[in-house]
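Participant: Please find the sequence and the predicted model below.
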Amino acid sequence: MKHYTKLIRPYLIWSIVIIVVPLLLIILYSFTTGGNELVNIQFTLKNFKKIGEPIYLDVMKKSFVLGLISVLICLILGYILAYFITRFKDSTQDLLILLVTIPMWINTLLRTYAWISLLSDNGLINKFLGLFGCDARTFMYTDFAVLIGLISDILPFMVIPIHTSIRKIDRSLIEASHDLGANNFETFTNVILKMSIPGVINGIMMTFLLSISTFVIPKLLGGGQYMLIGNLIENQFISVGDWNFGSATSIILTLIILIGLTLMKKFDKEEKEEQDA
């Protein structure tokens, strides 16, 4: 046991340096004022109260609205895709899920620049529309562009948990439903949909948390005019230099993420208990 403790010690030290120390600094900055040099600091709650100002509440509102819309679209597309993937044999399912996850291997920044080349005024989409005599349309720097970027980025995180839940359903339950006279729609709503709810909840939580915390996609596809929570935090640290308010906003976002992860863990536990029963 002591041998394993010695082996893991360097990883613990490294984790403390790159995770615990920065987190403690963020907590310190969020409850203090006096700049980012940790001199003449004073403890205060005004950084958190500042979030309640109308301009920042609008940022929160915009983030949640775009997040909910992107999650709703991802839920519809993701459930349909996950359901039809489960209709294939296991080996084919593994291949299809691999294809779903391949875009995640590419850096988010590169994928966003790819959408810029597609959605720009001289992009491939407008060139394609031009073949049919359609006038060029402005897609960039709109809600549409930001939503497209968000959906393409977070969709795999909706498909995978839903697919996992549907795949775990005992096929004998579906067969029993048909034997009892239920048609395909009744079987889907009363068996498949109900038993896949934990995967749906996990997918919703994951995609929502990712959509409200991102800052690269709104910044590039929104042309800098879209200020979401992630962009607000980035600006406070990089452009404005108000590390205290940026840290307080980061703490709020962290709490939202922790609540989401707690709910995900709860549904995972309930799903496991149901399977064991």
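Facilitator: Thanks, I have it.

Participant: could you pull out the helices for the stretch 151-277 of the chain?
Facilitator: Ranges of helices in the stretch 151-277 of the chain, per DSSP state H, counting those that start in this stretch, are 171-179, 184-187, 193-195, 197-213, 216-221, 229-235, 243-276.

Participant: count of residues packed around R171?
Facilitator: By the measure other C-beta atoms under 10 Å, the count of residues near R171 is 7. Every residue, glycine included, has its C-beta placed from N, CA and C.

Participant: tell me the pLDDT at it?
Facilitator: Model confidence at R171, given as pLDDT, is 83.

Participant: Return the distance of it relative to D179.
Facilitator: 12 Å (C-beta to C-beta, to the nearest Å).

Participant: Then N244?
Facilitator: With C-beta to C-beta as the criterion, N244 and D179 are 65 Å apart.

Participant: so where do the strands sit in this protein?
Facilitator: Along the chain, the stretches classed as strands by DSSP state E are 32-33, 42-43.

Participant: Any regions of the stretch 151-277 of the chain where pLDDT drops low?
Facilitator: Scanning the stretch 151-277 of the chain with the threshold set as pLDDT under 70 gives 224-225, 267-277.

Participant: could you redo the last one with a cut-off of 80?
Facilitator: Within the stretch 151-277 of the chain, the ranges that satisfy pLDDT under 80 run 223-227, 260-261, 263-277.

Participant: repeat for the stretch 1-150 of the chain
Facilitator: Residues of the stretch 1-150 of the chain meeting the criterion pLDDT under 80: 1-12, 15-16, 34-42, 133-136.

Participant: before we move on, back to that, which residue of N244 and D179 possesses the greater neighbour count?
Facilitator: N244 (23 against 9).

Participant: that older thread, turn the strands of the chain into TSV, columns for mean neighbour count and distance to L95.
Facilitator: Shown next, in TSV, are these (neighbours: other C-beta atoms under 10 Å; distance: least, C-beta to C-beta, whole Å):
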stretch	mean neighbour count	distance to L95
strand 32-33	18	53
strand 42-43	9	56
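
Participant: Any idea which of those strands gets closest to L209?
Facilitator: Checking these against L209 by C-beta to C-beta gives strand 32-33 as the closest, at 27.1 Å.

Participant: Can you lay out the helices of the stretch 151-277 of the chain as CSV showing distance to I116?
Facilitator: What follows is these, written out as CSV (distance: least, C-beta to C-beta, whole Å):
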stretch, distance to I116
helix 171-179, 44
helix 184-187, 42
helix 193-195, 37
helix 197-213, 19
helix 216-221, 6
helix 229-235, 17
helix 243-276, 26
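
Participant: Which one of those lies nearest to L131?
Facilitator: Of all the helices of the stretch 151-277 of the chain, helix 216-221 comes closest under C-beta to C-beta, at 24.3 Å.

Participant: okay, now S213: neighbour count?
Facilitator: Neighbourhood size, S213 [other C-beta under 10 Å]: 18.

Participant: residues in contact with it?
Facilitator: The contact partners of S213, taken as C-beta atoms under 8 Å, 6 or more residues apart in numbering, are I229, G230, L253, I257.
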